[in-house]
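Visitor: fold the following, please.
(one chain, ligands or ions: 1)
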Amino acid sequence: MSAILIDGKLVSAKLRGEVTEKRIEFEKKYGRKPGLCVIRVGEDPASVVYVRNKLRACEEVGFASTCNILPESYTTEQVIAEVEKVNADPTVDGLLVQLPLPKHIDEARVVAAVAPEKDVDAFGKLDAGHLCLDEGNVLPCTPAGIMEMLKHYEIPVAGKECVVVGRSNIVGRPMAALLLAADGTVTIAHSRTPDLGAVTRRADILVSAVGRAGLITGDMVKPGAAVIDVGMNRNAEGKLCGDVDFDSVKEVAGYITPVPGGVGPMTVTMLICNTLYAAENAEK
Ligand code: NAP
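Guide: Here you go, the predicted model:
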């Protein structure tokens, strides 16, 4: 293997250590812990696991955390009423609604109901607008975590060709905005991009956020590139894997993130960082 492995667990552990120290200071100063509330609707198995991981991370850094589990049968109005209740709770600094919501619920309306100052997922329109104008404060967790990994491994972005594959509101678009803000030359590819390989081969930094196993193969990667794999898929054997064909890409790339153990742990860690930020702001 020629590529250096970007270890998301290692970078996460470092950041969580820093957050724990800041939490101790916060508690001394304000006599309370930063608080996160997660609202989960229904029993989607992936959501159950994600929420559990988020609550465990809170416990690890000493935050107060709660999980409000609502029945699948709840209507949009009922979920929004729950969001508004948490918005008004002064012990909660960060509120996130675990997505996806059951199909009959209007996800956009629920996300919009989260108070901007508690929106630690940064999925709301206000945060998206700030990000586009390069005035972001709380940043969407997955792209922010990727920027932290690039920083940790001293992978320069300024002046580099950056290609983001995928244009979702939660990963692709904010990722492109952050790379642009860091002075990268950014291209976004998506399902209508005719020759994906021709685009990805230009990249010094290649981020794939699609959700298709084996999409990015070694012949699509520029030698020495940093390849960041956001995808979370199951392969034919049911094993967790990313979008990147790890075996062929690791022979060409300069840096590569594994799945699991790459982007995933960083996403949860940035949620913790955002909650601390929201708590500090609430006390100002
Ligand atoms: P999404 O909303 O489904 O967006 C997928 C994007 O991929 C879309 O923009 C789509 O293009 C594009 N796409 C689909 N097929 C393509 C192809 N053949 N070539 C190029 N682009 C293609 O997904 P998401 O929410 O961004 O998530 C993407 C992946 O990341 C999923 O596997 C998800 O589970 C994972 N994820 C991981 C983390 C983590 O913490 N590790 C966090 C979030 C998401 P169009 O817009 O043209 O349809």
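
Visitor: and stretch 188-207, how far out from the chain's middle?
Guide: 21 Å (C-alpha atoms, centre = their mean, to the nearest Å).

Visitor: could you do stretch 276-284 as well?
Guide: Chain-centre distance of stretch 276-284: 20 Å, with C-alpha atoms, centre = their mean.

Visitor: how about it: buried residues?
Guide: Within stretch 276-284, the residues that count as buried by 16 or more other C-beta atoms under 10 Å are Leu276, Tyr277, Ala278, Ala279, Glu280, Ala282. Backbone N, C-alpha and C define where each C-beta goes, glycine included.

Visitor: helix or strand: which one has the residue nearest the centre of the chain?
Guide: Residue closest to the mean C-alpha point of the chain, counted by C-alpha atoms, centre = their mean, is Thr142 at 1.8 Å. Element membership of Thr142 [criterion: DSSP states H and E] is helix 141-152.

Visitor: ok, residues contacting that helix?
Guide: Counting contacts by C-beta atoms under 8 Å, 6 or more residues apart in numbering, the residues outside helix 141-152 that touch it are 6, 8, 11, 14-15, 120-122, 139, 157, 170-171, 174-175, 177-179, 182, 205, 207, 209, 226, 228, 230, 257, 262-263, 266-271, 273-274.

Visitor: the residues you listed also near the ligand: which ones?
Guide: Ile170, Val171, Ala209, Val230, Val263, Thr267 (C-beta under 6 Å from any ligand atom).

Visitor: got JSON lines for these, with distance to Glu135, neighbour count and secondary structure too?
Guide: As requested, these are arranged in JSON lines below (distance: C-beta to C-beta, whole Å; neighbours: other C-beta atoms under 10 Å; DSSP: H, G, I helix; E, B strand; the rest coil):
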{"residue": "Ile170", "distance to Glu135": "19", "neighbour count": "18", "secondary structure": "coil"}
{"residue": "Val171", "distance to Glu135": "20", "neighbour count": "25", "secondary structure": "coil"}
{"residue": "Ala209", "distance to Glu135": "23", "neighbour count": "25", "secondary structure": "coil"}
{"residue": "Val230", "distance to Glu135": "24", "neighbour count": "29", "secondary structure": "coil"}
{"residue": "Val263", "distance to Glu135": "25", "neighbour count": "27", "secondary structure": "helix"}
{"residue": "Thr267", "distance to Glu135": "22", "neighbour count": "23", "secondary structure": "helix"}
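
Visitor: determine which two of these are furthest apart.
Guide: Of all pairs drawn from those, the one with the largest separation by C-beta to C-beta is Ile170 and Val263; the distance is 12.6 Å.

Visitor: remind me which residues of the stretch 1-150 of the chain are low pLDDT?
Guide: The stretch 1-150 of the chain contains residues with pLDDT under 70 at 1.
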